[in-house]
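whatever this is, show me its structure:
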Amino acid sequence: MATALTPTDPNSDYSLPMHSVASEQIAFKANVAVLTSGGDAQGMNAAVRAIVRVGILLRAKVFFIKEGYQGLVDGGERIEEANWAKVSDILQLGGTAIGSARCMDFKEHWGQLAAAKNLVMRGITNLVVIGGDGSLTGANRFKLRWTDLLAELQKNGDITPEQQKRYHHLSVVGLVGSIDNDFCGTDMTIGADSALHRIMECVDALRTTAQSHQRTFVLEVMGRHCGYLALITAIASAADWVFLPEDPPEDGWEDEMCEKLEEGREAGQRLCIVVVAEGATDRQGNPITPELVRDVIKENTDHDTRVTTLGHVQRGGSPSAFDRLLGTRMGAEAVYALRDSVPGTPAHVISISGNKEIRVPLIECVEKTQAIGKALQERRFEDALNLRGRSFLNNLEIYRTLNNRHVPENANALMSPQQARAQLKGIVQEHRSQVVAVLNVGNPCPGMNAAVRAVVRTVMFEENFKVLLVSEGFDGFYNDEVEVASWRSVSGFLSQGGSILGTNRNVPQDLGQLALKFEKYNVCGLVVIGGFQAFESVRKLYDAREDFRQFCIPIVCIPASISNNVPGSELSIGCDTSLNAIVKACDIIKQSA
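Numbering: from 1, shown residues only. Prediction:
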């Protein structure tokens, strides 16, 4: 149970706030410094804030090192003691409030000597570095050289033997702040989610003007040698083509891409999107630039093609709700990791794995990250993909499936009402196909339509399977409001909110009648997308299996609720979008307050 702590000095900014920390917390009476280095990323300020406040709560003194490693080398006013109030209004700010810089001086021996002296003079032996792989590599080297640096400083008379003995151990913890999400060992890096939000805002803006003029847009996104931003953008925008550093196109990609764009235009698609990662190459290592892609499209089609390079827009703006939470969680865990560190403890990176904070040896992550760069340089693309990890490979497979040009026969056509009725009649009367039904239950939420689209297009690659779209939840079964899906019938689903199929909160009551409908439409699998009512409905069908054999089929519930209240799931579809809307409203309120 939390207990009230008496501030050390009621008039001091360094004082602990009242009612602030649980009594079982172990004190950490040490000096801690935090710096941000390299490229800025949204969410860095959330991490800085958490480091300062958790450090203060544990009775540590926390220092800002301003302007990254340059501030560590320069010392003086660039190393400033932090307090509770100084981080009270930075959570919603993008960039980094304590500044960042790329410092060449720190790579030199004299620069590291100066940095070590500046830390010793302030009694700092705990360092948190927020940055990319280069910044964290520098921190690890600094830690490994710490003992030798102190010995040299003592020999030169810059520090006393007592200081050398007292501050003999330097603890280092890294947090990965990078919009590229290019660091191995963590599921997400601070800033990547916000960058994706900026990109999607721009894509949605391009969508309206492109559809007005029937244009093709070639969109370049950041990422250096990592295709994460490009790949997720391609999935989220239903891009027609994507160029990734880790998965270069085969020779002859020019004709293949243009044929894909032409097929989309012939099918009535007014907007075509090609996403290019800034480090994209072909299989011979030749750069693929957005200008090259534009010229290829213009030479082979009559599409009005424009290039949009987002650049540093992707770094700007307020952090998303996810990045604010991620930075806060990582920052807090960094202080606990420093508290637990003892001489001999290697430098660690605070990572997220399966939505849990973990501590991973920094050097292992850096070596694996650098191995990807080497694999790309040597054009070992399959090795690079495997090193990116299972999540990246899964996302790539999802994109290939949902945007596949070579769809199954007859799946690509947009059926007329007569054709749709004929297919439905074939299902009802002859049971010619196995049917997977998909419906929404509960309140509508963002992302429901994307889930429906994914189900439809994935099932279509299974031989002799059809997808039945059920309108208005289970009521659609009772009222026979169903239709057979085609590949293109879900083409416009991805970017739209709410529920195109319609939904309601009704849990099925007449299970006997529902069982007859399952038999009528030869339902061999059921996907229910929704919130707690969806979960409750699926549970009801499961409990009724002994009485109704029609329910003895694979049944899947996909959690979709802004309330995030579906048992067994940490994150429901829609809740992230809802949180961002709430956070945006809170930011506006803060400004007016």
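
helix, strand or coil for the residue nearest to D480 when sequence neighbours are not counted?
Nearest residue to D480, sequence neighbours excluded (CB to CB, 6 or more residues apart in numbering): K517, at 7.7 Å. Using the backbone N, CA and C atoms, a C-beta is placed for each residue, glycine as well. Classification of K517 by DSSP: H, G, I helix; E, B strand; the rest coil places it in helix.

ok, A230 next?
helix.

that one contacts L244, correct?
Yes: applying CB atoms under 8 Å, one finds A230 in contact with L244, separated by 5.7 Å.

what sits in contact with each of the two?
277, 280 (CB atoms under 8 Å, 6 or more residues apart in numbering).

what residue, apart from its backbone neighbours, is nearest I199 spatially?
T233 (5.2 Å).

now do the contacts for that neighbour.
196, 199-200, 203, 219, 221, 239, 242, 275.

any of the residues you listed buried? List them.
196, 199, 203, 219, 221, 239, 242, 275 (16 or more other CB atoms under 10 Å).

low pLDDT regions in the stretch 351-500 of the chain?
Where the stretch 351-500 of the chain drops to pLDDT under 70, the residues are 405-432.

quick one, strands of it?
Remark: strands assigned in the stretch 351-500 of the chain by DSSP state E, counting those that start in this stretch are 356-361, 434-441, 465-470, 482-484.

please identify the most buried of these.
Highest mean neighbour count among the strands of the stretch 351-500 of the chain (mean count of other CB atoms under 10 Å): strand 434-441, with a mean of 25.

can you list the helices and strands that that one packs against?
helix 448-459, strand 465-470, helix 475-478, strand 523-530, helix 532-543 (3 or more CB pairs under 8 Å, 6 or more residues apart in numbering; DSSP states H and E).

so for P361, which of these sits nearest?
helix 448-459 (36.5 Å; CB to CB).

re earlier: quick check, nearest of the contacts of T233 to D295?
Nearest member of those to D295, counting by CB to CB, is L219, at 15.7 Å.

what strands line up against the host helix or strand of the closest one, and which way round?
Using DSSP states H and E, L219 maps to strand 215-221. With DSSP bridges as the test, strand 215-221 is paired with strand 272-277 (parallel), strand 304-309 (parallel).

quick check: F106 touching Q112?
Yes: between F106 and Q112 there is a contact under CB under 8 Å: 6.4 Å.

shared neighbours of these two, which are they?
In contact with both F106 and Q112: F142, using CB under 8 Å, 6+ apart.

mind listing what H213 touches?
H213 neighbours (CB under 8 Å, 6+ apart): D304.

can you show me the helices along the stretch 151-300 of the chain?
161-166, 192-213, 228-237, 253-266, 290-300 (DSSP state H, counting those that start in this stretch).

now for the fourth one, which elements pack on it?
The elements that helix 253-266 packs onto, with contact taken as 3+ CB pairs under 8 Å, 6+ apart, are strand 241-243, strand 272-277, helix 290-300.

again, only using 7 Å
strand 272-277, helix 290-300 (3 or more CB pairs under 7 Å, 6 or more residues apart in numbering; DSSP states H and E).

buried deepest among the ones you listed, which one?
strand 272-277 (a mean of 26).

quick check: angle from that one to helix 228-237?
With axes from the mean of the first three to the mean of the last three CA atoms, to 10 degrees applied, the angle from strand 272-277 to helix 228-237 works out at 160 degrees.

the inter-axis angle of strand 272-277 versus helix 192-213?
150 degrees.

okay, now the unreliable bits of the chain?
Residues of the chain meeting the criterion pLDDT under 70: 1-25, 405-432.

got the contact list for the residue of it most remote from its centre?
What lies farthest from the middle of the chain is G157; by CA atoms, centre = their mean that is 49.3 Å. For G157, no contacting residues are found, by CB atoms under 7 Å, 6 or more residues apart in numbering.

quick one, what contacts the closest residue to V242 other than its chain neighbours?
Computed as CB to CB, 6+ apart, the closest residue to V242 that is not its neighbour in sequence is A234, at 3.8 Å. A234 makes contact with 242, 275, 399 under the criterion CB under 7 Å, 6+ apart.

identify the residues contacting stretch 504-518?
442-443, 472-475, 477-478, 533, 536-537, 540, 544, 548, 550-551.

list the buried residues of that stretch.
So, applying 16+ other CB under 10 Å, buried residues of stretch 504-518: 504, 507-508, 511, 514-515, 517-518.

check stretch 482-495 too.
In stretch 482-495, counting by 16+ other CB under 10 Å, buried: 482-491, 493-494.

circling back to that earlier point, mind putting the strands of the stretch 351-500 of the chain into JSON lines with distance to A82?
Below are those laid out as JSON lines (distance: least, CB to CB, whole Å):
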{"stretch": "strand 356-361", "distance to A82": "22"}
{"stretch": "strand 434-441", "distance to A82": "48"}
{"stretch": "strand 465-470", "distance to A82": "56"}
{"stretch": "strand 482-484", "distance to A82": "61"}
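
of these, which is nearest S499?
strand 434-441 (4.6 Å).

what lines up beside that closest one in the sheet?
strand 465-470 (parallel), strand 523-530 (parallel).

rebuild the ones you listed as CSV, extending it with distance to Q434.
Converted to CSV, the strands paired with strand 434-441 look like this (distance: least, CB to CB, whole Å):
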stretch, distance to Q434
strand 465-470, 5
strand 523-530, 4
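
and V173, bridged to which residues?
Beta-bridge partners of V173, as defined by DSSP bridges: V128, H348.

nearest to V52, of the strands paired with strand 434-441?
strand 523-530 (41.3 Å).

relative to helix 448-459, how tilted is the closest one?
160 degrees.

which parts of the stretch 1-150 of the chain are strands?
Using DSSP E, counting those that start in this stretch, strands in the stretch 1-150 of the chain cover 2-3, 21-22, 31-36, 61-65, 79-81, 126-131.

mind listing what's buried along the fifth one?
Taking 16+ other CB under 10 Å as the basis for neighbour counts, the residues of strand 79-81 that come out buried are I79.

if we look at that strand, which residues are touching it?
61, 63-66, 71, 118, 122.

just curious, which of these is nearest to A151?
Looking across these and measuring by CB to CB, the closest to A151 is N118, at 16.9 Å.

show me the contacts for the closest one.
Contacts of N118 (CB under 7 Å, 6+ apart): 72, 75, 79.

for S37, state which of the buried residues of stretch 504-518 is nearest.
For the buried residues of stretch 504-518, the nearest to S37 is N504 (52.2 Å; CB to CB).

still on that earlier bit, looking at the contacts of stretch 504-518, spot the one nearest V455.
Of the contacts of stretch 504-518, the one sitting nearest to V455 (CB to CB) turns out to be G473, at 15.5 Å.

so the closest one sits against N440, correct?
Yes: G473 lies in contact with N440 (CB atoms under 7 Å); the separation is 6.3 Å.

tell me, what's touching the two both at once?
T503.

give the contact list for T328.
Neighbours of T328 in contact, by CB under 7 Å, 6+ apart: 46, 50.

sec struct for it, please.
Assignment for T328 (three-state DSSP): helix.

how near is the residue nearest to the spatial centre of the chain to S37?
Nearest residue to the geometric centre of the chain (CA atoms, centre = their mean): D193, 4.3 Å. Applying CB to CB, to the nearest Å, the value for D193 to S37 is 21 Å.
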